[in-house]
Every structure is written in structure tokens, then in C-alpha cells.
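Participant: here are the coordinates; sequence isn't available:
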């Protein structure tokens, strides 16, 4: 999902080095500008939090249902990104 957000920012002529900067720019440029449904920004934030727990959590863990939800979100994010990039469904570049 982060790679997709980064690709969308590249389409808009923007590039960022930090994950947090990509996520913030995605929210500002894609979600708030109506390019994609704002739920994708919320899901990107949640997925990043799960990633942090999975990578760095000592006592915390990501449950299987949560991991499955993130996989479903990722598929929906892929589909929305493909639609946006192909100019389908009246989305504005």
C-alpha cells in the first residue's frame, strides 16, 4: 500500500524519503483532493501501525483477523489505484 501511495505521489510530481511523509502527502493530495476515497488514507495509516507492531512490537502482535483485513484493504487499494491511473470512474488526475 505504501508503494502505491508513493507511486501516486510520483504521478503528481512528488517524492518523499520517509514513510510518514509519503502517508501525509497521500492524505493531503489524494484523499483530501478527492482523487481517491479518504478511507484509503485511514487504511494506509492503520496498515503502517500494524507494520510497526509486526516489525518492532515486543509484547504486542498483529492478530490473524487484522492481518487478513489489511490484505483485503491492499487489494481494494490496488483496484482503486488502477482505476485512478487509468482514468476510469470519473476520477480526476
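Facilitator: It's in. Keep in mind it's a predicted model, so treat the numbers as computed, not measured.
Participant: ok, the residue lying farthest from the centre of the chain - contacts?
Facilitator: In the chain, the residue that sits farthest from the middle, by C-alpha atoms, centre = their mean, is residue 59; the gap is 25.9 Å. Under the criterion of C-beta atoms under 8 Å, 6 or more residues apart in numbering, residue 59 has no neighbours. Just so you know, the C-beta spots here come from the backbone N, C-alpha and C atoms, and that holds for glycine as well.
Participant: which regions of this protein sit below the pLDDT cut-off?
Facilitator: Applying pLDDT under 70 to the chain flags residues 88-93.
Participant: quick one: secondary structure of the residue farthest from the centre of the chain?
Facilitator: For residue 59, the secondary-structure state derived from DSSP: H, G, I helix; E, B strand; the rest coil is coil.
Participant: Can you list phi and psi of it for me?
Facilitator: In terms of degrees, to the nearest 10, the main-chain angles of residue 59 are phi -100, psi -20.
Participant: Please, where are all the helices along this protein?
Facilitator: Ranges of helices within the chain are 2-11, 19-26, 39-56, 64-86, based on DSSP state H.
Participant: who wins for proximity to residue 32 among these?
Facilitator: helix 39-56 (8.1 Å; C-beta to C-beta).
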